[in-house]
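Undergrad: can't give you the sequence, but here's the structure:
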Ligand SMILES: [Ca+2]
Ligand SMILES: [Ca+2]
Ligand SMILES: [Ca+2]
């Protein structure tokens with residue numbers, strides 16, 4: 001049911017971001033996500049590490065500012081789904097939070113600096129970020145829209161954009177962090 005697809009994707013995201021596992025998102029969770037993503041950058045690559053941490057800070061700032069209705073300094077599951085649909089995916093926030101992470105992540109993962117992601121470079125993301133790796137091959141194939149065996153910057157960006165913005169249950173970008181759990 002297409003209307004449900006975004007809820008399922010954002011629900012997966014909520015549980016992934018909830019690094020403390022208490023079913024609430026806090027500033028600490030976003031600091032932890034920033035640290036986790038920063039581990040993907042190469043030793044000495046402070047620029048991309050800092051860019052990812054900054055983007056997670058921005059993401060948290062947007063959530064707190066626009067969605068903490070009861071002012072307890074935490075974002076619960078319902079608050080998160082509403083915020084993701086209405087606020088984080090608004091163009092002015094999407095660029096600074098989501099796409100800023102995407103661009104720095106792509107540069108960090110591209111370890112041989114050829115401007116594209118090979119399957120090996122892509123799969124490293126799964127291991128490091130705690131995403132179950134068993135579907136990574138399948139995901140890679142779907143995201144490689146022109147089928148040339150590597151992910152271009154555009155393919156990576158469009159996967160991330162689709163993940164956040166598409167209500168189509170068959171959108172390739174839905175596979176970004178694994179298959180959407182049904183039900
Ligand atoms: Ca709250
Ligand atoms: Ca590469
Ligand atoms: Ca490609």
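TA: Received it, and whenever you're ready, just let me know what you need. Small disclaimer: the values here were computed from a predicted structure and weren't measured. Ligands and ions are numbered 1, 2, ... in the order given.
Undergrad: which stretches of this structure have low pLDDT?
TA: Residue ranges of the chain with pLDDT under 70: 1-3, 180-183.
Undergrad: and the host helix or strand of residue 141, what other elements does it pack with?
TA: Assigning secondary structure by DSSP states H and E places residue 141 in helix 136-143. With contacts defined as 3 or more CB pairs under 8 Å, 6 or more residues apart in numbering; DSSP states H and E, helix 136-143 has these neighbours: helix 119-129, helix 153-165. (Glycine included, C-beta is placed from N, CA and C.)
Undergrad: Can you check what angle separates the longest one from helix 136-143?
TA: In this structure, helix 153-165 runs at an angle of 100 degrees to helix 136-143, with axes from the mean of the first three to the mean of the last three CA atoms, to 10 degrees as the basis.
Undergrad: Tell me the residues of the protein that contact ligand 2?
TA: 110, 112, 114 (CB under 5 Å from the ion).
Undergrad: Filter these down to just the ones in strands.
TA: In strands, judged by DSSP state E, none of these are found.
Undergrad: and the residue of the chain most remote from its centre, how far is that from ligand 1?
TA: Centroid-distance maximum for the chain: residue 70 at 26.1 Å, with CA atoms, centre = their mean. To ligand 1, residue 70 is 5 Å away according to CB to the ion, to the nearest Å.
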